[in-house]
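> Quick one, fold the following:
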Amino acid sequence: MKLTKKQKTYAEVYDQKQTFDPAEALDYATKTAKAKFDETIEIHIKLGVDSRHADQQVRGAVVLPNGTGKVQKILVFAKGEKADAATAAGADFVGAEELVPKIQNDGWFDFDIVVATPDMMGVVGRLGKVLGPKGLMPNPKSGTVTPDVAKAIEEIKLGKIEYRLDKNNIIHCPIGKASFGKEKLLDNFNTLMNAIVRAKPASSKGTYLKSVTLCATMGPGVKVNPSKIDVA
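Below is the predicted model of the structure:
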């Protein structure tokens with residue numbers, strides 16, 4: 001099969017059939033980030049679990065030590081003192097029942113993440129059909145349903161990301177920007193991988209890390225050798 005001009009350029013950087021240790025893979029992923037904007041470095045991890053079974057779900061959240069490079073707009077559902085705390089902590093939007101029709105009927109989605117106090121989940125639950133498909137539904141496992149909204153906001157601003165399986169048993173996450181450089185990206189990579197390995201379900205049998213691929217937003221996939229991932 002004839003290679004395109006772009007594929008030939010990538011082939012000059014690295015062998016796309018080969019697997020690499022994480023540092024090498026990150027080096028190649030950043031070298032292929034040629035767009036005019038600061039591309040995000042993404043990770044795609046296929047796990048040896050079956051997400052159709054409740055006891056094999058892999059979901060959680062972790063604070064990346066160097067952040068993601070993206071400013072997240074935070075919406076908080078809270079009332080009274082908790083709402084005041086959310087505002088003081090830097091939430092972009094804070095509200096309660098009045099936000100339901102704005103989101104449900106007006107299609108307002110000018111936010112990236114939703115945090116809610118436990119007492120507001122009855123209200124937020126009305127939005128399940130619109131927030132759920134967009135991956136915006138607050139969840140205790142990701143720390144977005146909490147009485148301590150100020151702490152949740154602080155962690156998000158520091159670079160907290162959520163990881164969870166899709167229907168093909170793959171986790172997709174950003175681990176920073178190409179401009180971060182290899183060392184900061186590797187630090188974020190190791191932090192995320194350690195969290196995912198620790199989240200391995202007890203019922204999972206066989207190979208847990210099936211494949212790990214890194215890429216820039218507009219770049220090709222660079223395969224990581226799972227056996228070379230340094231997990232604590």
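> what secondary structure does residue 210 sit in?
At residue 210, secondary structure determined by DSSP: H, G, I helix; E, B strand; the rest coil is strand.
> Contact partners for it?
46, 47, 48, 169, 226 (C-beta atoms under 8 Å, 6 or more residues apart in numbering). C-beta here means a position set from N, CA and C on the backbone, and glycine is covered the same way.
> For those, which entry has the maximal number of neighbours?
residue 47 (24 neighbours; other C-beta atoms under 10 Å).
> Show the model's pLDDT score for that one.
In this model, residue 47 is scored at 97, pLDDT.
> Just confirm it contacts residue 169, I think it does.
Yes - with contacts counted by C-beta atoms under 8 Å, residue 47 reaches residue 169, the gap being 5.3 Å.
> secondary structure element for residue 203?
Using DSSP states H and E, residue 203 sits within no helix or strand.
> scratch that, residue 61 is what I was asking about
strand 59-63.
> Could you pull up the mean pLDDT of that strand?
92.
> Quickly run through the sheet partners of whichever helix or strand comes after that strand, with directions.
Counting by DSSP H and E, the next helix or strand C-terminal to strand 59-63 is strand 74-77. If you go by DSSP bridges, strand 74-77 pairs up with strand 93-95 (parallel), strand 113-116 (parallel).
> Now do residue 230: how many residues are near it, please.
Residue 230, neighbours per other C-beta under 10 Å, totals 12.
> Now it: closest residue in space that isn't a chain neighbour?
residue 190 (6.3 Å; C-beta to C-beta, 6 or more residues apart in numbering).
> Pull up the gap between the one you found and residue 196, please.
Look at residue 190 and residue 196: by C-beta to C-beta, to the nearest Å, they are 11 Å apart.
> what's the closest of the contacts of residue 210 to residue 100?
Nearest to residue 100 among those: residue 169, at 33.5 Å, using C-beta to C-beta.
> just checking, the closest one touches residue 46?
Yes - between residue 169 and residue 46 there is a contact at 6.2 Å, judged by C-beta under 8 Å.
> Mean pLDDT, distance to residue 102 and mean neighbour count added to the strands paired with strand 74-77, as a markdown table?
Output for the strands paired with strand 74-77, formatted as a markdown table (pLDDT from 0 to 100; distance: least, C-beta to C-beta, whole Å; neighbours: other C-beta atoms under 10 Å):
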| stretch | mean pLDDT | distance to residue 102 | mean neighbour count |
| --- | --- | --- | --- |
| strand 93-95 | 97 | 8 | 19 |
| strand 113-116 | 97 | 13 | 24 |
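> List just the one of these that sits closest to residue 154.
Nearest to residue 154, of the strands paired with strand 74-77 and by C-beta to C-beta, is strand 113-116 at 11.1 Å.
> any residues touching that closest one, and which ones?
Contact with strand 113-116 is made by 72-78, 86, 91, 124, 131, 136-138, 144-146, 149, 152-153, 156, as judged by C-beta under 8 Å, 6+ apart.
> Can you classify the most centrally placed residue in the chain by secondary structure?
Nearest to the geometric centre of the chain sits residue 173, at 3.7 Å (C-alpha atoms, centre = their mean). Look at residue 173: counting by three-state DSSP, its state is strand.
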